[in-house]
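> test case, fold it:
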Amino acid sequence: MPPVSPDVAPIRSRLLAWYDAHARALAWRAPPGAAGRTEPYRVWLSEVMLQQTTTAHATPYFLNFTARWPTVSDLAAAEDAEVMAAWAGLGYYARARNLLACARAVARDHGGVFPDTEAALLALPGVGAYTAAAVAAIAFDRSANVVDGNVERVMARLFALETPLPAARPELKRLAARFVTDHRPGDWAQALMDLGATVCRPRSPLCGQCPIAADCAGFASGAPERFPVRARKADKPRRHGVAYVILDGQGRVALERRPDKGLLGGMLGLPTSDWSTVVEPRTPPFPGDWRDAGAVEHVFTHFALSLHVRTIQSGGRDVYQWSDPDAARAALPTVFAKALDRGLAPDLF
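Model prediction:
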């Protein structure tokens, strides 16, 4: 059990007053006091983009998406390849596939209007508990318990919770639920997230600027940065593979569409070998004067990858899509963009 049980009402009052004065100006956000009047499409899109992605990195993608596809129905009508290319660089590419599936379900089954309850939102494809709660609270001002990493950190410090993550998550969610009421639930959710992002930071928290520091057991302990306690992470397994940078006589690079299912599914990529834990010789896609361009490193959620790069100048082949290197770089996931840059290094030709 947590060592303290702070009063809910004073904490809510102080944090909401702080939010009214210090709310971040974000491209997808209405100002304090306007929760429930934000376009649900924009809330949903931003929340999907912000999963495992920083605000600074997600913002230009959000602006691009909303300029190209201003409504959920516009997005639903888009070609898969267009959306996947626009998503390139955001990572976690299953989100892009789920994004399209959800947009099409809203357009097809709900007349292009997002449902306004947490339960109905949760029934949409690719919408999990966090996203359903966030859209319900922020777009519709429903009293939903919105718990992301920022909120987990605030709660872990507020209660000095000793249970390590990830085992602590159910308890942190229960603690956060104590503070959810029918009064300004959308602003409350965003206030907690802003506090975690700007003041109750992972490292070097700014406790002197925190409106609820007087109630915080982590602050009272003298070591708030110790919370949330984290279990030691196991080392990620390493995989190895080869990416092939193939240039035709016009300087175009060969690309291929990856299978819809699996890692980077549906994305454009460079021709590549399998990625396995075994370092072994790989046979290139066709014989020729292949050159070794070194290797690039990339870390995925569940493994680290050493991707060796081999390159060749060859005639065009019908089995590939051919693209200008700059356009290819913009459309490729980060791991392949790294490999392309390595394969185009000037010292190789």
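
> residues contacting Leu264?
Applying Cβ atoms under 8 Å, 6 or more residues apart in numbering to Leu264 gives the contacts Tyr93, Arg258, Pro333, Val335. Yep, even glycine has a C-beta here, placed from its N, CA and C like the rest.

> run the last query once more with 7 Å
Tyr93, Arg258, Pro333 (Cβ atoms under 7 Å, 6 or more residues apart in numbering).

> any chance of those residues in CSV, plus secondary structure?
Converted to CSV, the contacts of Leu264 look like this (DSSP: H, G, I helix; E, B strand; the rest coil):
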residue, secondary structure
Tyr93, coil
Arg258, coil
Pro333, coil
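
> may I ask which of those has the most neighbours?
Using other Cβ atoms under 10 Å as the neighbour criterion, Pro333 leads these with 22 neighbours.

> which residues of this protein fall in helices?
For the chain, the helices defined by DSSP state H cover 8-22, 40-50, 55-68, 72-76, 80-87, 94-109, 118-122, 129-140, 149-158, 169-177, 185-198, 217-221, 325-331, 334-343.

> which other helices and strands does the third one contact?
In this structure, helix 55-68 packs against helix 40-50, helix 80-87, with contacts taken as 3 or more Cβ pairs under 7 Å, 6 or more residues apart in numbering; DSSP states H and E.

> report the inter-axis angle for it versus helix 94-109.
For helix 55-68 against helix 94-109, the angle by axes from the mean of the first three to the mean of the last three Cα atoms, to 10 degrees is 40 degrees.

> what are the contacting residues of stretch 297-312?
Under the criterion Cβ under 7 Å, 6+ apart, residues 236-246, 275, 284, 288-296, 334-335, 338-339, 342-343, 348 lie in contact with stretch 297-312.

> low-confidence stretches in the protein?
Within the chain, the ranges that satisfy pLDDT under 70 run 1-5, 35-36, 316, 346-349.

> try it again with 80
For the chain, the stretches with pLDDT under 80 are 1-6, 34-38, 92-93, 233, 315-318, 346-349.

> what sits against the residue lying closest to Arg157 once chain neighbours are set aside?
If the residues on either side of it in the chain are set aside, Arg157 comes closest to Gly218, at 3.3 Å by Cβ to Cβ, 6 or more residues apart in numbering. For Gly218, the contact set (Cβ under 7 Å, 6+ apart) comprises Arg157, Leu158, Ala160, Pro224, Phe227.
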